[in-house]
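Asks: no sequence on this one, just coordinates:
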């Protein structure tokens with residue numbers, strides 16, 4: 001059953017770092033997936049020196065889900081409790097992670113911390129776990145997409161998952177929408193998932209954070225509506241800085257003269273904090289960056305230069 005709304009833990013929990021030779025549990029907490037892409041992702045992980053492990057029932061389907069919610073929750077807990085599994089990586093997003101939120105054993109998750117990596121719909125699970133336990137999560141490439149294609153950013157993968165304590169997130173083409181400097185907890189993910197949490201016991205906790213926001217295939221007026229909903233819910237009031245993703249396929253219709261950046265700044269104009277746009281994590285054309293969710297970070301936006309520094313190790 002869903003528990004009451006919670007107060008964010010005062011301390012963070014770091015999972016053990018990913019190492020060569022480690023077993024990686026592959027889980028499908030949301031939509032069903034393409035088997036060939038999944039197997040290609042497994043091959044890529046083996047080439048990288050890891051041992052992918054998955055349940056035979058991962059290929060089950062229930063409407064558009066990767067099996068029933070019970071199957072997906074059981075899979076999650078089975079791999080989480082296994083001592084020989086170092087990391088869990090999601091196969092894909094799509095839709096369905098919210099079905100797991102009231103089924104997850106957050107006490108067990110906190111007691112046996114592991115790396116959990118995913119994005120898109122997986123935002124629901126990453127933020128719910130972090131908000132309840134303080135466990136660092138990881139927003140980035142998934143098995144049947146970026147890992148299968150080999151198109152993810154390997155430098156941030158290594159820095160985030162192997163425990164580097166001070167490093168810069170790749171930001172070569174990130175655009176400054178408002179200058180400034182801010183420090184805070186790096187947090188966020190897919191915008192539609194953050195908004196969908198409002199009014200539930202799993203409501204996103206944005207206090208004192210550098211808020212990362214990304215999405216795919218949303219028209220600018222829908223981005224506008226979702227940002228306004230976060231604003232009206234008070235979820236932007238204590239944000240220290242905003243980092244937008246590539247916002248893939250979210251451009252205005254052909255012939256329109258306004259930009260998505262203008263739409264964004266109409267909403268954020270009242271917040272005197274840095275705002276940048278175009279960081280490649282989540283839904284991206286290529287080079288999916290692994291972001292540690294919950295660590296302290298520093299955002300600097302000066303002139304045309306952007307730097308997002310991770311100030312502490314995300315893993316032990």
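Replies: Received, thanks. Note that the structure is a prediction, hence the values are computed from the model and not measured.

Asks: pLDDT of stretch 100-118, averaged?
Replies: The average pLDDT within stretch 100-118 is 97.

Asks: next, the distance between the ends of that stretch.
Replies: 15 Å (CA to CA, to the nearest Å).

Asks: count residues in the vicinity of residue 286, would you?
Replies: Counted with other CB atoms under 10 Å, residues neighbouring residue 286 total 12. Where you see a C-beta, it was placed from the backbone N, CA and C, and this is true even at glycine.

Asks: how close does it sit to residue 103?
Replies: 35 Å (CB to CB, to the nearest Å).

Asks: show me where the stretch 201-316 of the chain has helices.
Replies: Per DSSP state H, counting those that start in this stretch, the stretch 201-316 of the chain carries helices over the ranges 220-232, 260-268.

Asks: of all those, which one is nearest residue 175?
Replies: When those are compared by CB to CB, helix 260-268 sits nearest residue 175, at 7.0 Å.

Asks: now the closest one against helix 220-232, angle please.
Replies: 20 degrees (axes from the mean of the first three to the mean of the last three CA atoms, to 10 degrees).

Asks: packing partners of helix 260-268?
Replies: strand 175-178, helix 220-232, strand 275-279 (3 or more CB pairs under 8 Å, 6 or more residues apart in numbering; DSSP states H and E).

Asks: so where's the stretch 1-150 of the chain uncertain?
Replies: 1-6 (pLDDT under 70).

Asks: just the helices and strands packed on helix 260-268: most buried one?
Replies: Stretch with highest mean neighbour count among the helices and strands packed on helix 260-268: strand 275-279 (a mean of 23; mean count of other CB atoms under 10 Å).

Asks: how much does it deviate in direction from helix 260-268?
Replies: 140 degrees.

Asks: and the nearest residue to residue 51 once chain neighbours are set aside, how many neighbours?
Replies: Nearest non-adjacent residue to residue 51, counting by CB to CB, 6 or more residues apart in numbering: residue 23, 4.7 Å away. Here the count is done by other CB under 10 Å, and residue 23 has 14 residues near it.

Asks: wait, residue 23 touches residue 53, no?
Replies: Yes. If you go by CB atoms under 8 Å, residue 23 and residue 53 touch, sitting 5.2 Å apart.

Asks: other residues contacting stretch 105-118?
Replies: Contact with stretch 105-118 is made by 13-16, 18, 29, 77, 80-81, 85-90, 93, 125-126, 129, 132-135, 137-142, 161, 290, 315, as judged by CB atoms under 8 Å, 6 or more residues apart in numbering.
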